[in-house]
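*Asks:* how would this look folded up:
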Amino acid sequence: MQVAGIAVAVVSILIAIFQFLLFIKLPLAEYSWGGKYQGVLPKRMRCMSLLSAMILLLIGFIFLIHTNVLTIEFVLPTYIFVWFITIFMGLNTLGNLASKSKKERMVMTPLAFVTFISCLFVLILS
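*Replies:* Numbers count the residues shown, from 1 in each chain. Purely as a prediction, here's the structure:
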């Protein structure tokens with residue numbers, strides 16, 4: 001179960017880095033947000049990418065705590081978060097698969113799918 005939790009955290013961190021790169025204006029927009037934009041994201045979407053990066057880091061942190069890779073001093077009800085994140089990642093995988101952007105489908109769909117399967121594995125074993 002810890003390996004799956006670490007997998008979720010690693011992929012989440014990698015995608016968070018990608019979202020941060022979008023935020024700092026790297027021209028990778030066609031790999032994100034349904035491929036709606038080309039080049040550099042507009043300011044509003046860059047802000048959304050920054051928010052996404054922070055959420056992704058939180059997701060990784062939650063899975064590391066839930067699988068006892070990390071310990072914290074206070075109680076965090078991770079089980080309910082793991083449920084919601086798993087459902088979200090399943091829907092995210094479907095969304096990436098349906099993206100109009102071939103680049104997003106080719107890169108983000110496999111990452112989302114690996115994350116979803118890892119989340120599901122953690123959920124089933126916990």
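
*Asks:* helix or strand right after the helix or strand that contains residue 17?
*Replies:* For residue 17, the host element (DSSP states H and E) is helix 2-23. The helix or strand immediately downstream of helix 2-23 is helix 43-66, counting by DSSP H and E.

*Asks:* residue contacts, residue 63?
*Replies:* Residue 63 makes contact with 5, 8-9, 12, 78, 82, 85, 119, 122, according to C-beta atoms under 8 Å, 6 or more residues apart in numbering. C-beta: built from backbone N, CA, C; applies to glycine.

*Asks:* just residue 83 next, same as before
*Replies:* Contact analysis of residue 83 by C-beta under 8 Å, 6+ apart lists residue 123.

*Asks:* Select from the contacts of residue 63 the one having the most neighbours.
*Replies:* Counting neighbours by other C-beta atoms under 10 Å, residue 8 leads the contacts of residue 63 with 29 neighbours.

*Asks:* dump the residue contacts of it.
*Replies:* Applying C-beta under 8 Å, 6+ apart, we find residue 8 in contact with 59-60, 63, 115, 118-119, 122.

*Asks:* ok, so of those residues, who is nearest residue 50?
*Replies:* Closest approach to residue 50 among these (C-beta to C-beta): residue 59, at 15.2 Å.

*Asks:* Report how many residues lie close to residue 72.
*Replies:* For residue 72, using other C-beta under 10 Å, the count is 10.

*Asks:* swap in residue 77?
*Replies:* Going by other C-beta under 10 Å, the residues that sit close to residue 77 add up to 8.

*Asks:* returning to that earlier point: in TSV, list the contacts of residue 8 along with distance to residue 47 and pLDDT.
*Replies:* Below are the contacts of residue 8 laid out as TSV (distance: C-beta to C-beta, whole Å; pLDDT from 0 to 100):
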residue	distance to residue 47	pLDDT
59	19	98
60	21	98
63	25	98
115	23	98
118	28	98
119	26	98
122	30	98
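
*Asks:* Closest to residue 107 out of those residues?
*Replies:* The nearest member of these to residue 107, counting by C-beta to C-beta, is residue 115 at 13.1 Å.
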